[in-house]
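**Student:** coords below, sequence missing:
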């Protein structure tokens, strides 16, 4: 028997050490059956926590004011300390940086501002030595207008690259071919080119012409570049705007959005593009066919994976699920499932999970709540509760526990483990310092993306928060970010940074969280709960999503053994559980009979919770009083 002390008192909680506390998933082969009764073997990416690095802002090693590969290498120990499984590098390719690297001129080399191929190879080798996988951001639906392919394509209509991009003649009056709108510019997605006397199509910036994925030569060239990086040792790709690869070949107008139609996912309501339904310019059904040669190429490299961005569309949960169906599309996709502009609630989470479970029966969901495009985790869910009060710090500790407990993968954006608030314009970033082209084009109607791209604060006692030795960083470091610096949070065992570390390292040792099934528990607002189960572990996960203390009766769940050491507090009196405001509770539910098949646990529909009978009507009891 071991004794640990709870977070809220000096009362010892005694528990029997059980096999799963320090076990790996090796007791039996990690397999599951999909809706077609086909058996699959477990892979690292299915449950991976992926730490996104925006290289511009992570760490500057050469004093030029912007981050680089050597700066990342110098912080690999920090990344490994988090307990994540992989890193995702936003684009580091050669680029004029009109869109901070998402406008590529050479897909086979590193931009000098970040380093060179030797630096990249070193990053791969060191990351792998720490047990970290490395994913590269690939921008395959467009290039820079300075890319040699486009430079040649625009010369005339007969050159070798003439059909490598999307070109169309003007209407009789000289206007663009149709009514498609740019996601970034708030105006036509067609740009006139004097050389060819035609329009070319762009979804984002005029300097980002769309590649023509209907041309087999384009597909072959892209796949050759994928192999180049896979041969260098990368473990897969995050695929930018993957639902934008194809367009309607007939160039039909997008229909106007009806007044009573819901707003699309992944886009600000003030963006002019929401005036149209996303039917013909992107999100095309033929897009799914384009994924097949990509998957075939990736499958040549065992263990490699793909992570698709499917956020800007009418229904991102439904559409993204199509991108991971079967074995000939992508491995993972992230969507806008949790990007709700409403206060966090159990009702919201239940609806999200019902839809995700419905649309992702084979897995493939990767959660995202903050990144370089969609703001920071701390600004999510309106930033205030149902009573209009700002969420306290402990709310973000509870959300960390919730996110690491959900089935599937998780993308954690740099700085969100620190709880960084989103930088504001012009308070933190003066209007003349805006770097995001999207922000420049639509400010102040739409604030843009610089607010989540400010430099990482490493130290509170150094200029630019220790990010750079330059006099000025490429984006200002908000003054309030100094108090969130890594050196401060490192020294505080109760900091959000250390909460993320505790949770992620604990997660690695819980088979139910890595490979387990998911079943919601019947709860009332503001409590959200579910059970994750794998082999001998059945893990109860409860989350108080309010600022009030709540109680919950554990009586129908069988014998529950408290998980301690995660610093959430709470109190338990027999089966009566008291959960503090914005807190999580975890417990291992004992199997009544280790020899009984799992089917003896009778789960009802998600909305009905679950109950269990062990055959003799008896349940083992927790000690009468225990703090958890």
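**Tutor:** Received the coordinates, thanks. This is a predicted model, so every value here is computed, not measured.
**Student:** Could you use CA atoms for every contact and neighbour count after this?
**Tutor:** Will do.
**Student:** Might you list the low-confidence residue ranges for this protein?
**Tutor:** 1-41, 592-628 (pLDDT under 70).
**Student:** what's downstream of the longest helix along the chain, the next helix or strand?
**Tutor:** Secondary structure of the chain read by DSSP state H shows that its longest helix is helix 216-231. Downstream of helix 216-231, the next assigned helix or strand under DSSP states H and E is strand 236-239.
**Student:** Other residues contacting that following strand?
**Tutor:** Residues from elsewhere that reach strand 236-239 (CA atoms under 8 Å, 6 or more residues apart in numbering): 88, 134-140, 230, 298, 304-309.
**Student:** if I pick residue 230, what's in contact with it?
**Tutor:** Residue 230 sits in contact with 236, 301, where contact means CA under 8 Å, 6+ apart.
**Student:** Sketch out the strands for the stretch 51-200 of the chain, chain order is fine.
**Tutor:** 86-89, 93-94, 106-110, 133-138, 167-168, 190-193, 198-201 (DSSP state E, counting those that start in this stretch).
**Student:** Those: which one's closest to residue 179?
**Tutor:** Nearest to residue 179 among these is strand 190-193; the distance by CA to CA comes to 8.9 Å.
**Student:** What helices and strands are in contact with that closest one?
**Tutor:** Contacting strand 190-193 under the criterion 3 or more CA pairs under 8 Å, 6 or more residues apart in numbering; DSSP states H and E are the following elements: strand 198-201.
**Student:** So which elements touch the strand it packs on?
**Tutor:** Strand 198-201 sits against strand 167-168, strand 190-193, with contacts defined as 3+ CA pairs under 8 Å, 6+ apart.
**Student:** Dump those strands to CSV, plus mean neighbour count and distance to residue 289.
**Tutor:** Output for the helices and strands packed on strand 198-201, formatted as CSV (neighbours: other CA atoms under 10 Å; distance: least, CA to CA, whole Å):
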stretch, mean neighbour count, distance to residue 289
strand 167-168, 22, 22
strand 190-193, 19, 25
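**Student:** so can I have TSV of those showing distance to residue 115?
**Tutor:** Output for the helices and strands packed on strand 198-201, formatted as TSV (distance: least, CA to CA, whole Å):
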stretch	distance to residue 115
strand 167-168	35
strand 190-193	33
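**Student:** now for the ones you listed, which one comes closest to residue 184?
**Tutor:** Nearest to residue 184, of the helices and strands packed on strand 198-201 and by CA to CA, is strand 190-193 at 12.5 Å.
**Student:** Now the nearest residue to residue 508 once chain neighbours are set aside: which helix or strand?
**Tutor:** Leaving out its chain neighbours, the residue that sits closest to residue 508 by CA to CA, 6 or more residues apart in numbering is residue 514, at 7.0 Å. Under the criterion of DSSP H and E, residue 514 resides in helix 511-515.
**Student:** How far does that helix sit from its chain's centre?
**Tutor:** Helix 511-515 has its C-alpha centroid displaced from the chain centroid by 19 Å (CA atoms, centre = their mean, to the nearest Å).
**Student:** and that helix, what does it pack onto?
**Tutor:** For helix 511-515, the packing partners by 3+ CA pairs under 8 Å, 6+ apart come out as helix 496-508, strand 527-534, strand 537-544.
**Student:** could the strands of the stretch 51-200 of the chain go into CSV alongside distance to residue 178?
**Tutor:** Below are the strands of the stretch 51-200 of the chain laid out as CSV (distance: least, CA to CA, whole Å):
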stretch, distance to residue 178
strand 86-89, 36
strand 93-94, 32
strand 106-110, 31
strand 133-138, 28
strand 167-168, 10
strand 190-193, 8
strand 198-201, 10
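**Student:** for those strands, which one sits closest to residue 486?
**Tutor:** Here strand 86-89 is closest among the strands of the stretch 51-200 of the chain (CA to CA), at 18.4 Å.
**Student:** helices and strands around the closest one, which ones?
**Tutor:** strand 49-53, strand 133-138.
**Student:** for those strands, which one sits closest to residue 560?
**Tutor:** strand 49-53 (27.4 Å).
**Student:** Please state the offset of that closest one from the chain centre?
**Tutor:** 8 Å.
**Student:** Now do the same contact list for residue 518.
**Tutor:** Per CA under 8 Å, 6+ apart, neighbours of residue 518: 407, 530-533.
**Student:** Residues in a beta bridge with it, which ones?
**Tutor:** With DSSP bridges as the criterion, residue 518 is bridged to residue 532.
**Student:** cool, the one 10 residues further on as well?
**Tutor:** Taking DSSP bridges, one obtains residue 543 as the residues bridged to residue 528.
**Student:** and it, how far is that from residue 519?
**Tutor:** Noted for residue 528: a distance of 12 Å to residue 519, by CA to CA, to the nearest Å.
**Student:** Likewise for residue 385?
**Tutor:** Here the criterion is CA to CA. By it, residue 385 lies 26 Å from residue 519.
**Student:** Neighbour count: those two, which is higher?
**Tutor:** Legend: neighbour count by other CA atoms under 10 Å for residue 385 and residue 519, higher for residue 519 (22 against 19).
**Student:** Show me how far stretch 206-218 is from its chain's centre.
**Tutor:** On CA atoms, centre = their mean, the centre of stretch 206-218 falls 26 Å from the chain's centre.
**Student:** Please work out which residues outside that stretch touch it.
**Tutor:** 98, 103, 140-146, 150, 163-166, 189-191, 200-203, 219, 245-246, 290.
**Student:** Go through it and flag the buried ones.
**Tutor:** 206-214, 218 (16 or more other CA atoms under 10 Å).
**Student:** likewise stretch 66-74?
**Tutor:** For stretch 66-74, by 16+ other CA under 10 Å, it's 66-73.
**Student:** Kindly reformat these as JSON lines containing distance to residue 508.
**Tutor:** Converted to JSON lines, the buried residues of stretch 66-74 look like this (distance: CA to CA, whole Å):
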{"residue": "66", "distance to residue 508": "33"}
{"residue": "67", "distance to residue 508": "30"}
{"residue": "68", "distance to residue 508": "30"}
{"residue": "69", "distance to residue 508": "28"}
{"residue": "70", "distance to residue 508": "28"}
{"residue": "71", "distance to residue 508": "27"}
{"residue": "72", "distance to residue 508": "24"}
{"residue": "73", "distance to residue 508": "24"}
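**Student:** mind listing the helices for the stretch 351-500 of the chain?
**Tutor:** Assigned by DSSP state H, counting those that start in this stretch, the stretch 351-500 of the chain shows helices spanning 393-405, 437-442, 486-490, 496-508.
**Student:** so can I have JSON lines of those helices showing mean neighbour count?
**Tutor:** As requested, these are arranged in JSON lines below (neighbours: other CA atoms under 10 Å):
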{"stretch": "helix 393-405", "mean neighbour count": "21"}
{"stretch": "helix 437-442", "mean neighbour count": "19"}
{"stretch": "helix 486-490", "mean neighbour count": "17"}
{"stretch": "helix 496-508", "mean neighbour count": "20"}
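**Student:** Now those helices in CSV, please, with extra columns for distance to residue 475.
**Tutor:** Putting the helices of the stretch 351-500 of the chain into CSV (distance: least, CA to CA, whole Å) gives the following:
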stretch, distance to residue 475
helix 393-405, 25
helix 437-442, 14
helix 486-490, 19
helix 496-508, 23
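**Student:** Residue 564 is nearest to which of these?
**Tutor:** Going by CA to CA, the one of the helices of the stretch 351-500 of the chain nearest residue 564 is helix 496-508, 10.8 Å.
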